[in-house]
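Engineer: sequence and predicted structure below; questions after.
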Amino acid sequence: MKTITVKFMLVLFTAFLMFFFAYGQEVAEWIVPDKYKEMKSPVDASDANLETGKMLYKKHCKSCHGDEGLGDGSKSETLESFCGDFSSDEFQAQSDGALYFKTTDGRDEMPSFKQKIADEDDRWCVVLYMRTFN
C-alpha cells in the first residue's frame, strides 16, 4: 500500500513540475529595459514608412503573427507559446520603445531581428505597421 502511495505521489509531483515548466514560461513578464520604456519612434507615419513596415512584417513576422496580427500565422501552431494579439488593448498600450525592444532583441521562440532587419529605421517601420492592427 505504501509503495502505491509513494508511486502516486511521485507521478503527481512529476506532472506538477511538467505543468509548471511548460506554462510558467508563457506568463513570464517580458522585462523591457528602462531606456526603451518611454522611447518614441523616430520615423514618421508616412505612407512610405508604413509600406516598408508592411513589407517587412509580411516577410519576417506574418508566418507566426498572422495577416492581421492575431497570433494565428501558419507557424503559430508549432510554437509552444501564443504569439500574442497585436490588436489587443494590452499590446497597443505598450510604448513604441517596448515594441521596438521586443522586435529587436526577441526572447525564447521570438527571434532577434538585429541581423534579419539590420536597419534600425526599418525595425521602427515594423513597429509603426504593428500599430495599424488596433
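Structural biologist: Arrived safely. Fair warning: this is a prediction, and the values are worked out from it, not measured in the lab.
Engineer: center of this protein - which residue?
Structural biologist: Nearest to the geometric centre of the chain sits C83, at 5.3 Å (CA atoms, centre = their mean).
Engineer: now it: closest residue in space that isn't a chain neighbour?
Structural biologist: Among residues not flanking C83 along the chain, G71 sits closest, at 3.6 Å (CB to CB, 6 or more residues apart in numbering). C-beta: built from backbone N, CA, C; applies to glycine.
Engineer: one more: S74?
Structural biologist: Counting by CB to CB, 6+ apart, S63 is the residue found nearest to S74 once chain neighbours are left out, at 5.5 Å.
Engineer: so where does the one you found fall, helix or strand?
Structural biologist: Assigned by DSSP states H and E, S63 falls within helix 62-65.
Engineer: next SSE after that helix?
Structural biologist: Downstream of helix 62-65 (by DSSP H and E), the next one is helix 89-92.
Engineer: now for H65, how many residues are close by?
Structural biologist: Number of residues near H65 (other CB atoms under 10 Å) recorded here: 23.
Engineer: tell me who's in contact with it.
Structural biologist: 57, 71, 73, 76, 83-84, 86 (CB atoms under 8 Å, 6 or more residues apart in numbering).
Engineer: as a check, name the ranges of all helices in the chain.
Structural biologist: Secondary structure of the chain (DSSP state H): helices at 2-24, 34-37, 47-60, 62-65, 89-92, 96-105, 120-130.
Engineer: count of residues packed around the residue nearest to C83?
Structural biologist: 19.
Engineer: if we can go back for a sec, OK, contacts around the residue nearest to S74?
Structural biologist: Contacts of S63 by CB under 8 Å, 6+ apart are 73-75.
Engineer: out of those residues, who has the most neighbours?
Structural biologist: G73 (18 neighbours).
Engineer: nearest to S112, of the helices of the chain?
Structural biologist: helix 96-105 (5.4 Å; CB to CB).
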